[in-house]
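Asker: from the sequence below, what's the structure:
(chains A, B, C and D)
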Number of protein chains: 2
Amino acid sequence: MSIADYPFAPLGGTEDRAMAIREQLRDAIIDRRLAPGTKLGEAEVGALFEVSRTVVRSALQMLSFEGLVRSERNRGSFVANPSPEEARQVFDSRRLIEPALAAAAIERLRPADRARFRALLEQEERLMAERGASVRRAEIRASGDFHLELARLAGNTVLERFMHELVARSSLVIALYGRTGASSCGHADHGSILGALERRDLGLAQTLLIHHINHIEADLDLRPATGLGLREALSSG
Amino acid sequence: MSIADYPFAPLGGTEDRAMAIREQLRDAIIDRRLAPGTKLGEAEVGALFEVSRTVVRSALQMLSFEGLVRSERNRGSFVANPSPEEARQVFDSRRLIEPALAAAAIERLRPADRARFRALLEQEERLMAERGASVRRAEIRASGDFHLELARLAGNTVLERFMHELVARSSLVIALYGRTGASSCGHADHGSILGALERRDLGLAQTLLIHHINHIEADLDLRPATGLGLREALSSG
DNA sequence: GGTAGCAAGATTGCATACAAAGCGCGCCGC
DNA sequence: GCGGCGCGCTTTGTATGCAATCTTGCTACC
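Answerer: Numbering: from 1, shown residues only, chains lettered A, B, ... in the order given. This is a model prediction of the structure:
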């Protein structure tokens, strides 16, 4: 499976082209349209987006910083293949940061924010009602958006940026190690978390958040895997 | 600690040339040899390091991701000029993350780690004994190294990378808003924090850490500042 | 038959060339 | 004298070319 199998719409007049390419690649990685280990050749990506390698390099560097792409000198860039250990660290980090975000957000929740949250939940419900692989992808995405909205609301831009990275890497991990309908079960959690926030019950909201994250992680099939080199060989094929 | 020890972004992969320039600029910014607001022209930096603009752009992009440099499209890159609000957010983030790092580190403290910590403290003491501007810079750096060592020990590479960014931005903030000998007073704190860690007294270590961070922040001269445009105009001159 | 060496192809790293967008300065009109 | 406007100079954004390095498949030798 090659990246060329996934035709990206070459957007015309984007301001920053590297940013646009980064976004598209990022979405493709999170949605697992690009499998972990897939090589992202500069020339190939550039041809797809109709830009020069210069722009592609810039986009790949950004993704490398986000941990979604792994770059090796003189060898190229590949879609990241996070190890179970990395996955655990990502969720550990989320368990640390998100309760703090809830604490900050609960103080700043405005009606407009509630409306935005509700819209996100409705979107999730719509997706849950449907079936299919692409729907499941969108579901993972929507689930992440809920947490990003929480981060945005907390008002700490530093932590918000960290959360963007953590959510993206979580999505990749879920796509990699997730079992069947696991990500769906988290949806109900979002509703109750939001409910607790609206009732200003911080303790409950934090408890629910932690459980929610535990839920997601528990549903992963982490590490009955075999030796590393073998595993990597298999997954990159 | 050498450059190779930094778990920074792409560990094995990224271009050495750009990485080296990034490190040098980073150090210069943290040490305030480059004042906030200073323009970092691509051609100028390239001439200094005897590389082409391509490499410089790569380094600047990395620094921009770290929050040490602010880039504006078609205008150029400038040393970041963090607002008091940003400074607060950085310290808020540290108050959140560092106690968790202590909790993880206390379980993994080995004799070799103790030795490394002790060496850092001795380094700080040596610097404290001296006088001069360059010494004070080195002091800020050494102070940061203590916290980075804590992060390294915790064994979570995600959080470790976050801490690298937070420490760097803290150093910039301290250089910007710090009062006289403020950063020095923190040194004694490091010793007692390490002591608590060695005695496996997590609660004490976390309390001391929080107080330490509070100390640093309290010693900043945050936000008696005037209107933004004026302030920026003054600081960039 | 297997392995080491080698050469050709491909891909990245870096430099340079060109195009486009700001910015400043001087000119002109009011 | 002052404000608006246009031109050119500087700086960034992008594309392309060349050299270095890695990969890979072949060949020759053990």
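Asker: list of residues touching the helix or strand harbouring residue A:60?
Answerer: Per DSSP states H and E, residue A:60 falls inside helix A:53-66. Helix A:53-66 has contacts (Cβ atoms under 8 Å, 6 or more residues apart in numbering or on different chains) with A:17-19, A:21-22, A:25-26, A:29, A:40, A:42-43, A:45-46, A:49, A:69-71, A:77, A:164-165, A:168-169, B:9-10, B:13-14, B:54, B:57-58, B:61-62, B:65. Where you see a C-beta, it was placed from the backbone N, CA and C, and this is true even at glycine.
Asker: among those residues, which ones are buried?
Answerer: A:17-18, A:21-22, A:25-26, A:29, A:40, A:42, A:45-46, A:49, A:69-71, A:77, A:164-165, A:168-169, B:9-10, B:13-14, B:57-58, B:61-62, B:65 (16 or more other Cβ atoms under 10 Å in any protein chain shown).
Asker: which ones among the contacts of helix A:53-66 also lie next to DNA strand C?
Answerer: Among the contacts of helix A:53-66, proximity to DNA strand C is found for A:42, A:43, A:71, A:77, B:13, B:54, B:58 (Cβ under 7 Å from any atom of the strand).
Asker: quick revisit: is any residue of the next helix-or-strand element following the helix holding residue A:60 near DNA strand D?
Answerer: As assigned by DSSP H and E, the chain's next helix or strand after helix A:53-66 is strand A:69-72. No. For strand A:69-72, no contact with DNA strand D is found by Cβ under 7 Å from any atom of the strand; the gap never falls below 8.0 Å.
Asker: tell me which strands strand A:69-72 pairs with, and in which orientation.
Answerer: Its sheet considered, strand A:69-72 pairs with strand A:76-79 (antiparallel) by DSSP bridges.
Asker: mind listing residues that contact stretch A:135-154?
Answerer: Residues contacting stretch A:135-154 (Cβ under 8 Å, 6+ apart): A:27, A:30-33, A:94, A:98, A:100-102, A:104-105, A:108-109, A:113, A:116-117, A:120-121, A:123-124, A:127-128, A:159-160, A:163-164, A:167-168, A:170-171, A:174-175, A:178, A:183-184, A:186-187, A:190.
Asker: mind listing what residue A:104 touches?
Answerer: Contacts of residue A:104 by Cβ under 8 Å, 6+ apart are A:153, A:154, A:155, A:156.
Asker: let's see it at 7 Å
Answerer: Applying Cβ atoms under 7 Å, 6 or more residues apart in numbering or on different chains, we find residue A:104 in contact with A:154, A:155, A:156.
Asker: name the element the residue nearest the centre of chain A belongs to?
Answerer: Centroid-nearest residue in chain A, with Cα atoms, centre = their mean: residue A:168, separated by 2.5 Å. Residue A:168 belongs to helix A:157-177 when assigned by DSSP H and E.
Asker: then residue A:195?
Answerer: Using DSSP H and E, residue A:195 falls in helix A:182-198.
Asker: avg pLDDT for that helix?
Answerer: Averaged over helix A:182-198, pLDDT sits at 81.
Asker: ok, now stretch A:31-43?
Answerer: The model assigns stretch A:31-43 a mean pLDDT of 93.
Asker: if you count neighbours, what's buried in that stretch?
Answerer: Buried residues in stretch A:31-43 (16+ other Cβ under 10 Å): A:31, A:32, A:33, A:34, A:35, A:36, A:37, A:38, A:40, A:41, A:42.
Asker: among the residues you listed, which ones are in strands?
Answerer: Residues of the buried residues of stretch A:31-43 located in strands (DSSP state E): residue A:40.
Asker: which segments of chain A make up each domain?
Answerer: Domain assignment for chain A, taken from automatic domain parsing, gives A:3-79, A:84-218.
Asker: worst mean pLDDT among these?
Answerer: Among the domains of chain A, domain A:3-79 scores lowest, with a mean of 86.
Asker: that older thread, okay if I get the contacts of residue A:104 as a markdown table plus neighbour count?
Answerer: What follows is the contacts of residue A:104, written out as a markdown table (neighbours: other Cβ atoms under 10 Å in any protein chain shown):
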| residue | neighbour count |
| --- | --- |
| A:154 | 24 |
| A:155 | 16 |
| A:156 | 25 |
